[in-house]
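Trainee: can't give you the sequence, but here's the structure:
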């Protein structure tokens, strides 16, 4: 195909892809964006268009749970952007998105290197038209890495600096502040500060509802973190209501984000544990486990967390051998993926020790909630949120 014709076809398919993406049709958008890349690769002077097409491919693959393909597309987009304008805001923003995706894959050291590189480029004065400063977006993404690697003080500092930047440049109730409040809530949850988590999550819900309406999937993520905090505070009924509402919103999307679905199925399992319905909790934890394994593979910390909580539900049914097997599987994963002093690693070690010390006949009644709380949270505060631009 002649380069000029290839460029025209590529731009046409890219516009179709962008339209489908805007309408929430990632499968159709991915088909057109992939075709756009194929055509534009034979065009001339199309680095910007190629980068935009790869960006759509990455967004769609990530939404569809195809994380490896999404990461490859993001790297390709960055390559074209940096050839066109290496110091431009667009290439720095692409680095932030790549860093957050690599973190989601469980590659925490690489994610931190990418985001630190982006932070060196970002300034406080790159906001455009009321949009959040790129430095705030980068700090937020770094904060998530710090939280996932149990550097909670560093995460809190990153979130607070980002929130101050958003508040100063955009206002305290700007939609870009909601992900920070969501992430502050998630951090408070893992630190055992349930009341603070509930307050921050409630603020995220309010801001996001005002900006996006009550049925948006980002509102559902905020409802989930609010529910996780309430469950820790002992309000199981209200927590369960919020989890069910969030799950309904997630499932109403086509296609549904399977990670969001998995998290909230697992949150409902935690509610079952609180109600001493261990068999019901086990069934839900297993459904969540299957979804997470499909997204992340079998060696990701998220899978280890799920195995740990599944083991608690199994232990409550006095199935000692099954419990030990699940704890050992979780421990093998975290030893390869996380530091020895990470809370999840310590949790798996502690729970395996508890399981190994249990011998028949089993105790009359196990205590899954307290076991889980001393190890890993059975409820999850939804996915940590990047700031949208």
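Mentor: Right, received. Where do you want to start? This structure is a prediction, so every number in the text was calculated from the model and none was measured.

Trainee: only C-alpha atoms from now on, for both contacts and neighbour counts.
Mentor: Noted.

Trainee: all helices of the stretch 251-389 of the chain, in order?
Mentor: 258-274, 278-296, 301-315, 320-337, 343-357, 368-373 (DSSP state H, counting those that start in this stretch).

Trainee: among those, where is the model least confident on average?
Mentor: Lowest mean pLDDT within the helices of the stretch 251-389 of the chain: helix 368-373, a mean of 28.

Trainee: any idea how far residue 202 lies from residue 209?
Mentor: Noted for residue 202: a distance of 11 Å to residue 209, by CA to CA, to the nearest Å.

Trainee: what do you get for residue 300?
Mentor: 32 Å.

Trainee: compare the two (neighbour count), which wins?
Mentor: Shown here are residue 300 and residue 209; by other CA atoms under 10 Å, residue 300 has more neighbours (22 against 19).

Trainee: now mean neighbour count and distance to residue 215 too, for the helices of the stretch 251-389 of the chain, in a markdown table please.
Mentor: Formatted as a markdown table, the helices of the stretch 251-389 of the chain follow (neighbours: other CA atoms under 10 Å; distance: least, CA to CA, whole Å):
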| stretch | mean neighbour count | distance to residue 215 |
| --- | --- | --- |
| helix 258-274 | 26 | 14 |
| helix 278-296 | 21 | 23 |
| helix 301-315 | 27 | 27 |
| helix 320-337 | 19 | 35 |
| helix 343-357 | 20 | 33 |
| helix 368-373 | 19 | 31 |
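
Trainee: which one of these lies nearest to residue 2?
Mentor: Nearest to residue 2 among those is helix 278-296; the distance by CA to CA comes to 39.5 Å.

Trainee: relative to helix 258-274, how tilted is the closest one?
Mentor: Interaxial angle of helix 278-296 relative to helix 258-274 (axes from the mean of the first three to the mean of the last three CA atoms, to 10 degrees): 160 degrees.

Trainee: so residue 59 touches residue 69, yeah?
Mentor: No: here residue 59 lies out of contact with residue 69, judged by CA atoms under 8 Å, at a distance of 10.0 Å.

Trainee: between those two, point out the one with more neighbours.
Mentor: residue 59 (23 against 14).

Trainee: how about the more buried one: what's its closest non-neighbour residue?
Mentor: Computed as CA to CA, 6 or more residues apart in numbering, the closest residue to residue 59 that is not its neighbour in sequence is residue 70, at 6.8 Å.

Trainee: tell me, how many residues neighbour that neighbour?
Mentor: Using other CA under 10 Å: residue 70 sits among 25 other residues.

Trainee: show me the contacts for it.
Mentor: Contacts for residue 70 (CA atoms under 8 Å, 6 or more residues apart in numbering) come out as 57-62.

Trainee: please identify the buried residues of stretch 59-79?
Mentor: 59-68, 70-71, 73-79 (16 or more other CA atoms under 10 Å).

Trainee: quick one: which of the residues you listed sit in strands?
Mentor: Nothing among the buried residues of stretch 59-79 maps onto strands, per DSSP state E.

Trainee: just the ones of those in helices?
Mentor: Secondary structure from DSSP state H places 59-63, 67-68, 70-71, 73-79 of these in helices.

Trainee: need the max-distance pair from those.
Mentor: 63 and 79 (21.9 Å).

Trainee: nearest to residue 182, of the ones in helices among the buried residues of stretch 59-79?
Mentor: Using CA to CA, these come closest to residue 182 at residue 63, 19.6 Å.

Trainee: okay, that closest one: pLDDT?
Mentor: 90.

Trainee: neighbours of residue 210, how many?
Mentor: Neighbours of residue 210 (other CA under 10 Å): 13.

Trainee: packing partners for the helix or strand hosting it?
Mentor: Per DSSP states H and E: residue 210 is located in helix 194-212. On a contact count with 3 or more CA pairs under 8 Å, 6 or more residues apart in numbering; DSSP states H and E, helix 194-212 meets helix 177-190, helix 217-232.

Trainee: contacting residues for residue 141?
Mentor: Contacts of residue 141 by CA under 8 Å, 6+ apart are 96, 99-100, 115, 386.

Trainee: show me the shaky parts of the stretch 1-150 of the chain.
Mentor: Scanning the stretch 1-150 of the chain with the threshold set as pLDDT under 70 gives 86-87, 124-130.

Trainee: helices of that one, residue ranges please.
Mentor: 3-22, 26-40, 47-63, 67-84, 89-104, 108-121, 134-148.

Trainee: what angle do the fourth one and helix 278-296 make?
Mentor: Right, the one you point to is helix 67-84. 40 degrees.

Trainee: residues touching residue 255, list them.
Mentor: Counted by CA under 8 Å, 6+ apart, residue 255 has contacts 25-26, 64.

Trainee: now the farthest one out in the protein, which residue is it?
Mentor: Going by CA atoms, centre = their mean, the residue of the chain most distant from its centre is residue 2, 42.5 Å out.

Trainee: so how far is residue 174 from it?
Mentor: Taking CA to CA, one finds residue 2 at 47 Å from residue 174.

Trainee: cool, and residue 276?
Mentor: The value you get for residue 276 to residue 174, if CA to CA is used, is 41 Å.

Trainee: what of residue 215?
Mentor: Distance from residue 215 to residue 174, by CA to CA: 18 Å.

Trainee: more crowded one of these two?
Mentor: The neighbour comparison of residue 215 against residue 174 (other CA under 10 Å) goes to residue 174, with 18 against 15.

Trainee: that older thread, may I see the ChimeraX selection of the buried members of the contacts of residue 141?
Mentor: To isolate the buried subset of those in ChimeraX, counting by 16+ other CA under 10 Å, use the following:
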select :96,99,100,115,386
